[in-house]
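Asks: Predicted model, plus sequence, below.
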Amino acid sequence: MTEPSPLIAITPWRRSLPTYVHPENDLYTLDPEYTDSVEAAGGLAVITPFASSLEHAKALLARCDGLILSGGDDIDPSTYGHELDGSVAMNPATDASDQHFLAAALELGLPTLAVCRGAQLVNVALGGTLNQHIWDTLDDHPARPETDDETHNADAMWARRHDVTLESGSCIAKVFDSSTVSTTSLHHQSIDEVAPNLVVTGRTSDGSIEAVEHRTHPLVGVQWHPERQGPDGHHVLFEWLVGAAADEANTSASHG
């Protein structure tokens, strides 16, 4: 009998966007590359609503085998006890929901992949802090291009690359089977003080933290967007997540 595909929960953005119904409709949104990447790796993707509490998040994730904390806007600095100093486009409701999902995943033992803002959220939720504005303050992280052509600005930013050096023996180094990986550079914020239960496993040449892992839980956080890397081999991160989720599901079933 064929084993069912692991079910991977993915947290979305919630924001106001124009539709034919209303110029500011409150919508859950997510780039399709996330779901496509999960399903290409052999998993089944499900997009979650916001979680209003830890118990709500646990009830949702109890039916899942893994979690992706997706990218998005800046994190409210009050979440980690700092004053506003460069953060923009914050959404405290997103911060709270993602923290509930992370706590639930840790309690349930679900493998977790945290992407860009997701990696920052993990660090904050576990007791770390962020650099609120890194554009033009670090060599590998220039500011977003600003011209009258927004399409050009976006394309130019997606085209930026830098190398990340991976810590020998780390989960992510084993996943990529390499000591370095070439990635995009989009993020406006970065991890500063590292949470006690996290280990830094990837940095750029300017010292910016680009990958972290949990000390005891199957959790990998990356500062780039593996779902948007195209043919560069970053699908291995989703294969790791789906594989770890399948192992966790099988272990839970055998103990049940």
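Replies: Perfect, I can see it now.
Asks: Neighbours of Thr216, how many?
Replies: Neighbour count for Thr216, taken as other CB atoms under 10 Å: 8. For glycine as for every other residue, the C-beta is placed from the backbone atoms N, C-alpha and C.
Asks: Give me the pLDDT for it.
Replies: Turning to Thr216, the model gives it a pLDDT of 97.
Asks: repeat for Thr251
Replies: In this prediction, Thr251 carries a pLDDT score of 69.
Asks: What of Glu239?
Replies: 97.
Asks: does it sit in a helix or strand, and which one?
Replies: helix 235-255 (DSSP states H and E).
Asks: Now that helix - C-alpha only, PDB.
Replies: These are the backbone C-alpha positions of helix 235-255, laid out as PDB (Å, rounded to 0.1, in the frame of the first residue of the first chain):
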ATOM      1  CA  HIS A 235      14.400  22.400  -4.400                       C
ATOM      2  CA  VAL A 236      16.500  20.200  -2.100                       C
ATOM      3  CA  LEU A 237      15.300  22.300   0.800                       C
ATOM      4  CA  PHE A 238      11.700  21.300   0.000                       C
ATOM      5  CA  GLU A 239      12.800  17.700  -0.500                       C
ATOM      6  CA  TRP A 240      14.400  17.800   2.900                       C
ATOM      7  CA  LEU A 241      11.200  19.100   4.500                       C
ATOM      8  CA  VAL A 242       8.900  16.600   2.800                       C
ATOM      9  CA  GLY A 243      11.300  13.800   3.600                       C
ATOM     10  CA  ALA A 244      11.600  14.800   7.300                       C
ATOM     11  CA  ALA A 245       7.800  15.200   7.400                       C
ATOM     12  CA  ALA A 246       7.300  11.700   6.000                       C
ATOM     13  CA  ASP A 247       9.700  10.300   8.600                       C
ATOM     14  CA  GLU A 248       7.900  12.100  11.400                       C
ATOM     15  CA  ALA A 249       4.500  10.900  10.200                       C
ATOM     16  CA  ASN A 250       5.700   7.300  10.000                       C
ATOM     17  CA  THR A 251       7.200   7.500  13.400                       C
ATOM     18  CA  SER A 252       4.000   8.900  14.900                       C
ATOM     19  CA  ALA A 253       1.900   6.300  13.200                       C
ATOM     20  CA  SER A 254       4.100   3.500  14.500                       C
ATOM     21  CA  HIS A 255       3.800   4.900  18.100                       C
END
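Asks: Now do the buried residues in it.
Replies: By neighbour count on 16 or more other CB atoms under 10 Å, the buried set for helix 235-255 is 235-246, 248-249.
Asks: residues making contact with it?
Replies: Outside helix 235-255, the residues that touch it by CB atoms under 8 Å, 6 or more residues apart in numbering are 3, 5-8, 37-38, 40-43, 65-66, 68, 109-113, 171-172, 175-176, 218, 220, 222, 226-227.
Asks: for the stretch 101-250 of the chain, what are the low-confidence residue spans?
Replies: 134-144, 230-232 (pLDDT under 70).
Asks: mind listing the helices for it?
Replies: Counting by DSSP state H, counting those that start in this stretch, the stretch 101-250 of the chain has these helices, from start to end: 117-125, 150-159, 171-176, 235-255.
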